[in-house]
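In: Build the 3D model from these lines:
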Amino acid sequence: MESRNLSRAVLYGVIAIFLLAIVSSLIFSLLLKFTSVQESSLQYVMTSISFLSIFIGGFITGGNGKEKGWMIGGATGLVYTVIIFLFQYLGYDSLFSFEQIIYHICYIITAMMGGILGVNIAGSPSKA
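Out: Residues are numbered from 1 along each chain as shown. Just a heads-up that it's a prediction; the model follows:
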């Protein structure tokens, strides 16, 4: 695999993660605004949705990359983590907390699993 295909696959995965994050944020913000639901009651649902978004992004990366799913999935998770870190550090002048470090390590692992599955499902040629 050439590096251009790797970069393109990772870019598609990161874009998918952020698009899913934007859509889910919009849905949850509307839900919180117009209902009596409290943010604390949605904490685990929002965490699950974020892991699902990362997994889908890794899956898309693996499907586009067609090989080395663990590597390109991990790269997708790492790029996502670096973007979030830079946003938090440059925008809010704050480093990751210990809890956030654990979350982002799990995000990278989840993106790796998505990449592996994406290569094996979407990237496998049919042998008929």
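In: where does the protein dip in pLDDT?
Out: In the predicted model, the chain carries pLDDT under 70 at residues 1, 123-128.
In: and the most centrally placed residue in the chain, what helix or strand is that in?
Out: Nearest to the mean C-alpha position of the chain, by CA atoms, centre = their mean, lies Ile54 at 2.3 Å. Secondary structure assigned from DSSP states H and E places Ile54 in helix 43-65.
In: what's the longest helix in this structure?
Out: As assigned by DSSP state H, the longest helix anywhere in the chain is helix 3-34.
In: could you say what helices and strands that one packs with?
Out: helix 43-65, helix 69-92 (3 or more CB pairs under 8 Å, 6 or more residues apart in numbering; DSSP states H and E). Any C-beta I mention is one placed from the backbone N, CA and C, and that applies to glycine too.
In: Just name the most buried of the ones you listed.
Out: Compared across those, helix 43-65 shows the largest average neighbour count, a mean of 21 (mean count of other CB atoms under 10 Å).
In: Taking helix 3-34 as reference, get the angle to that helix.
Out: Angle, helix 43-65 to helix 3-34, by axes from the mean of the first three to the mean of the last three CA atoms, to 10 degrees: 160 degrees.
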